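Undergrad: Got a predicted structure here, sequence first:
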Amino acid sequence: MIEYRSPEISKKAKAVIDRDRKIMFGAHTRTSEIPLVVDHAQGAKVTDIDGRTYLDFGAGFAVVGTGHCHPDVITAIEQQIRKLIHISGSDFYYTPQIELAEKLIEITPGDYDKRVYFGSSGAEAVEASLKISRCFTRRPRMISFLGAFHGRTFAGMTMSGSKKVQRAHFSGLIPEVYHVPYPYCYRCAFAQTYPECIRKEYKGIPLIYCMSYLTDIIFERLIAPDDVGLIMAEPIQGEGGYIVPPKEFLPLLRKVCDEHGIIFILDEIQSGLGRTGKWFACDHVGIAPDITLTAKAIASGLPMSATIGKAALMDPDVDPRAWVPGSHGSTFGGNPVIASAAIATLKIIEQQLIKNADEVGGFLKQELIAMMDRHRIIGEVRGLGLMLGIELVQKKEDKTFFPPEVTREGKNIKEVITGECFKRGLILYGAGISSLRMSPPLMVTRDDAEAAIKILDEVITNVENQMK
Ligand SMILES: Cc1ncc(COP(=O)(O)O)c(C=O)c1O
């Protein structure tokens with residue numbers, strides 16, 4: 001049993017939380033360990049209503065890449081808000097939306113003619129990509145991955161395979177979606193070891209064993225690949241636990257899709273826009289999908305998503321199989337104020353933050369690996385840039401999970417650790433079944449990284465001491 005101390009909450013903060021609890025929906029994921037009532041935030045620092053400041057290593061779920069309230073983003077919003085707040089980008093024309101789309105076309109992977117659709121959330125980009133693919137291919141079947149998270153709408157929920165609570169009691173879902181194991185090598189679904197699991201090739205690419213489940217079993221026994229309209233994957237699984245697949249994974253998916261005329265969709269909603277030290281996570285292996293989904297960090301916290309795909313898939317003037325005028329749209333998509341914030345955001349990321357994510361992320365990862373050697377409950381450290389995951393295990397030797405409830409109050413290990421970090425001034429989130437994630441704003445400094453490591457180290461030492 002690990003002892004768990006309830007965080008102290010001021011009367012002022014408690015009053016806000018009590019007021020919120022009476023009227024807000026009950027399906028959210030707030031936990032009692034982090035009773036943070038925010039007043040304001042700047043850069044990588046968040047200040048609560050009692051004037052306490054925290055180092056933010058969550059960035060609002062990888063959203064505020066430029067840091068909280070970046071002055072250039074504020075200026076862009078202020079300037080646009082005086083000119084035009086809304087007119088509907090699906091029906092009329094204005095330059096911020098066009099300028100943003102041009103920039104996204106330039107930076108997204110794929111050396112081909114592209115089109116862009118703007119929505120207001122990641123899940124909307126997922127929805128759009130399903131409609132694009134279905135309309136174009138007229139094929140009913142879809143492939144997704146266990147551990148995936150693609151959002152909370154019916155399409156997002158159906159494509160997800162992260163936690164059962166996200167899908168339980170919401171049937172029926174969208175039919176004909178097949179989930180296959182993601183290459184989560186630390187906990188391989190087939191008890192294989194990478195790279196020894198590679199025993200043959202698929203069309204010239206080394207076939208990691210888990211992918212042979214798709215190519216040799218699913219496509220042989222269960223579904224004809226020419227019934228499959230799309231394969232959707234995260235290049236690094238986010239909510240699933242910050243899982244980085246082997247380098248063969250994306251090339252294999254690309255090959256499978258090319259072989260069978262399947263549309264390849266990469267959900268870069270969490271991993272994209274500089275977080276991994278390149279514009280997109282798939283840039284690390286030089287693979288371009290047919291459709292790229294991005295959201296979260298795109299407008300520094302204002303709600304926006306973009307679905308960027310091959311022109312043929314999205315424009316009936318290029319290919320008559322594409323969706324036609326009136327078949328899709330969004331009232332708020334491409335809003336001029338948000339588009340202006342996004343243009344400023346991409347400029348800041350390009351000029352300063354991709355490099356910083358790579359450098360500070362590299363330092364942070366090296367420190368976390370050193371920490372892993374000192375601690376018996378850290379089984380693996382993984383990730384790229386500032387998208388880093390820490391797998392917690394009860395016993396390193398056999399990778400045993402902590403039981404779901406390890407404390408007197410029934411908190412799980414992720415909650416214990418993130419709660420203790422919070423008490424010491426560090427905001428950190430869990431991910432997957434038993435991992436912690438580090439996803440700070442991309443402007444964090446080496447000093448911030450050192451401070452975060454110091455706190456986490458102390459917390460894990462305490463937890464381990466209590467487990468003796
Ligand atoms: C990879 C991925 N896809 C989709 C989504 C859904 O985005 P939203 O919550 O903006 O709908 C998320 C959100 O966490 C995500 O991480």
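TA: Everything's here; your move.
Undergrad: could you show me where the helices are in this protein, in order?
TA: Assigned by DSSP state H, the helices in the chain fall at 11-23, 59-62, 71-81, 95-107, 122-137, 154-159, 209-212, 249-260, 311-314, 336-348, 354-374, 413-423, 446-467.
Undergrad: Please spell out which residues along the longest one are buried.
TA: Spelled out, it's helix 446-467. Asp448, Ala449, Ala451, Ala452, Ile453, Ile455, Leu456, Asp457, Val459, Ile460, Val463 (16 or more other Cβ atoms under 10 Å). Placement of C-beta: from N, CA and C, glycine included.
Undergrad: Name the nearest of these relative to the ligand.
TA: Ala452 (21.3 Å; Cβ to the nearest ligand atom).
Undergrad: circling back to that earlier point, any chance of TSV for the buried residues of helix 446-467, columns distance to the ligand?
TA: Shown next, in TSV, are these (distance: Cβ to the nearest ligand atom, whole Å):
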residue	distance to the ligand
Asp448	23
Ala449	23
Ala451	26
Ala452	21
Ile453	25
Ile455	25
Leu456	22
Asp457	27
Val459	25
Ile460	25
Val463	27
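Undergrad: give the contact list for Ser88.
TA: Thr331 (Cβ atoms under 8 Å, 6 or more residues apart in numbering).
Undergrad: Phi, psi for it please.
TA: Dihedral pair for Ser88: phi 90, psi 100, per degrees, to the nearest 10.
Undergrad: follow-up on the earlier one: as TSV, the helices of the chain with distance to Arg167 and mean pLDDT would be great.
TA: Converted to TSV, these look like this (distance: least, Cβ to Cβ, whole Å; pLDDT from 0 to 100):
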stretch	distance to Arg167	mean pLDDT
helix 11-23	26	95
helix 59-62	20	97
helix 71-81	35	98
helix 95-107	31	98
helix 122-137	14	98
helix 154-159	6	98
helix 209-212	22	98
helix 249-260	23	98
helix 311-314	28	98
helix 336-348	30	98
helix 354-374	32	98
helix 413-423	20	93
helix 446-467	31	96
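Undergrad: Any chance of JSON lines for those, columns distance to Trp323?
TA: Conversion of the helices of the chain to JSON lines gives the following (distance: least, Cβ to Cβ, whole Å):
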{"stretch": "helix 11-23", "distance to Trp323": "39"}
{"stretch": "helix 59-62", "distance to Trp323": "29"}
{"stretch": "helix 71-81", "distance to Trp323": "29"}
{"stretch": "helix 95-107", "distance to Trp323": "17"}
{"stretch": "helix 122-137", "distance to Trp323": "5"}
{"stretch": "helix 154-159", "distance to Trp323": "15"}
{"stretch": "helix 209-212", "distance to Trp323": "30"}
{"stretch": "helix 249-260", "distance to Trp323": "20"}
{"stretch": "helix 311-314", "distance to Trp323": "7"}
{"stretch": "helix 336-348", "distance to Trp323": "22"}
{"stretch": "helix 354-374", "distance to Trp323": "33"}
{"stretch": "helix 413-423", "distance to Trp323": "41"}
{"stretch": "helix 446-467", "distance to Trp323": "44"}
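Undergrad: Out of these, which gets nearest to Ala148?
TA: Across the helices of the chain, the minimum distance to Ala148, taken as Cβ to Cβ, is reached by helix 154-159, at 6.4 Å.
Undergrad: what helices or strands is the closest one leaning on?
TA: helix 122-137 (3 or more Cβ pairs under 8 Å, 6 or more residues apart in numbering; DSSP states H and E).
Undergrad: now the helix it packs on: how far from the chain's centre is it?
TA: Distance, stretch centre to chain centre, for helix 122-137: 18 Å (Cα atoms, centre = their mean, to the nearest Å).
Undergrad: Only alpha carbons, please: show that helix as PDB.
TA: Output of helix 122-137 as PDB, limited to C-alpha atoms (Å, rounded to 0.1, in the frame of the first residue of the first chain):
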ATOM      1  CA  GLY A 122      -9.400  16.800 -33.600                       C
ATOM      2  CA  ALA A 123     -12.500  14.500 -33.700                       C
ATOM      3  CA  GLU A 124     -13.900  16.600 -36.500                       C
ATOM      4  CA  ALA A 125     -10.800  16.000 -38.500                       C
ATOM      5  CA  VAL A 126     -11.100  12.300 -37.900                       C
ATOM      6  CA  GLU A 127     -14.800  12.400 -39.000                       C
ATOM      7  CA  ALA A 128     -13.900  14.300 -42.100                       C
ATOM      8  CA  SER A 129     -11.200  11.800 -43.100                       C
ATOM      9  CA  LEU A 130     -13.600   8.900 -42.800                       C
ATOM     10  CA  LYS A 131     -16.100  10.700 -45.000                       C
ATOM     11  CA  ILE A 132     -13.500  11.600 -47.600                       C
ATOM     12  CA  SER A 133     -12.200   8.000 -47.700                       C
ATOM     13  CA  ARG A 134     -15.600   6.300 -47.800                       C
ATOM     14  CA  CYS A 135     -16.900   8.700 -50.500                       C
ATOM     15  CA  PHE A 136     -13.800   8.200 -52.700                       C
ATOM     16  CA  THR A 137     -13.400   4.400 -52.400                       C
END
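Undergrad: Need the pLDDT of Arg30.
TA: Listed pLDDT for Arg30 reads 83.
Undergrad: ditto for Asp317
TA: Confidence score, pLDDT, at Asp317: 98.
Undergrad: Count the residues that sit near it.
TA: A count of nearby residues for Asp317, using other Cβ atoms under 10 Å, gives 9.
Undergrad: How about Lys423?
TA: 15.
Undergrad: before we move on, what about Ala15?
TA: 13.
Undergrad: and what of Phe92?
TA: Neighbour count for Phe92, taken as other Cβ under 10 Å: 9.
Undergrad: pLDDT score for it?
TA: Per-residue confidence at Phe92 stands at 95 (pLDDT).
Undergrad: what's the answer for Lys395, then?
TA: 87.
Undergrad: bridging residues for it?
TA: Thr400 (DSSP bridges).
Undergrad: For stretch 323-331, give me every contacting residue.
TA: Here stretch 323-331 has contacts from 88, 90, 117-120, 124, 128, 131-132, 135-136, 314, 316, using Cβ under 8 Å, 6+ apart.
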